[in-house]
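K.L.:
compute the structure for the input listed below.
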Amino acid sequence: MRCGEAIVAILRRYGADTLFGIPGVHTLEYFRGLTRQGMRVVLPRHEQGASFMADGYARTTGRPAVCCVITGPGVTNAATGIGQAYADSVPMFVLASVTASATLGRGRGHLHECKDQRGIAEPITGLALSARRAEEIPELLARAWGTLTSGRPRPVYLEVPIDVLAEEVGDGWDPLPPVRPEPGPVPA
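P.N.:
Below is the predicted model of the structure:
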């Protein structure tokens, strides 16, 4: 199993059942095996549509929805729907790709590179995380799912470099128990 498929498998085991997004070179590894995992896929025409569809799904079902977007403009295109979900306290798990590890932070424009893609997501999510190695992903998913499903619902964001998404991870991972954030003041 590749890392992207293992990520989706964990989300499925946490209870996510529907993914909104557009398959492509940036997100191909997330889309591998979605039907094998029993995850329903809804294909919009644009990433903004994916984020609004995920928002609407979560509002009507009461369950977190997954929005999957490509590097750079995929994140910026989806930002309006993510921001709406943030403002209205809607649980959305945003999966994003980011440029290959060797190109991160180089500013050479590789594959829709943004200077600080996670920085785009931080003000419109309850938690924005960046994975840099496959082995750290189960812990990041546990933190993200714990944040998503406790306290005030807000979108969470996880970006993974496209080369890490393609790494083989054996049979995948067992999901870790969700890590709930420490209680404290809820941001406005």
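K.L.:
from here on, contacts and neighbour counts on C-alpha atoms
P.N.:
Fine.
K.L.:
neighbours around Asn44, how many?
P.N.:
Actually, residue 44 is Pro rather than Asn. 15 (other Cα atoms under 10 Å).
K.L.:
tell me the SS of the nearest residue to it once chain neighbours are set aside?
P.N.:
Ranked by Cα to Cα, 6 or more residues apart in numbering and with sequence neighbours excluded, the top spatial neighbour of Pro44 is Ala50, at 5.6 Å. Assigned state for Ala50: helix (three-state reduction, DSSP: H, G, I helix; E, B strand; the rest coil).
K.L.:
residue boundaries of the strands in the chain?
P.N.:
For the chain, the strands defined by DSSP state E cover 18-21, 40-42, 65-69, 92-98, 127-130, 156-161.
K.L.:
how about CSV for those, with distance to Gly170 added?
P.N.:
Formatted as CSV, those follow (distance: least, Cα to Cα, whole Å):
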stretch, distance to Gly170
strand 18-21, 23
strand 40-42, 24
strand 65-69, 23
strand 92-98, 21
strand 127-130, 22
strand 156-161, 18
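K.L.:
output these as CSV; include the columns distance to Gly56 and mean neighbour count.
P.N.:
Below are those laid out as CSV (distance: least, Cα to Cα, whole Å; neighbours: other Cα atoms under 10 Å):
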stretch, distance to Gly56, mean neighbour count
strand 18-21, 11, 26
strand 40-42, 12, 14
strand 65-69, 9, 30
strand 92-98, 10, 29
strand 127-130, 20, 19
strand 156-161, 16, 25
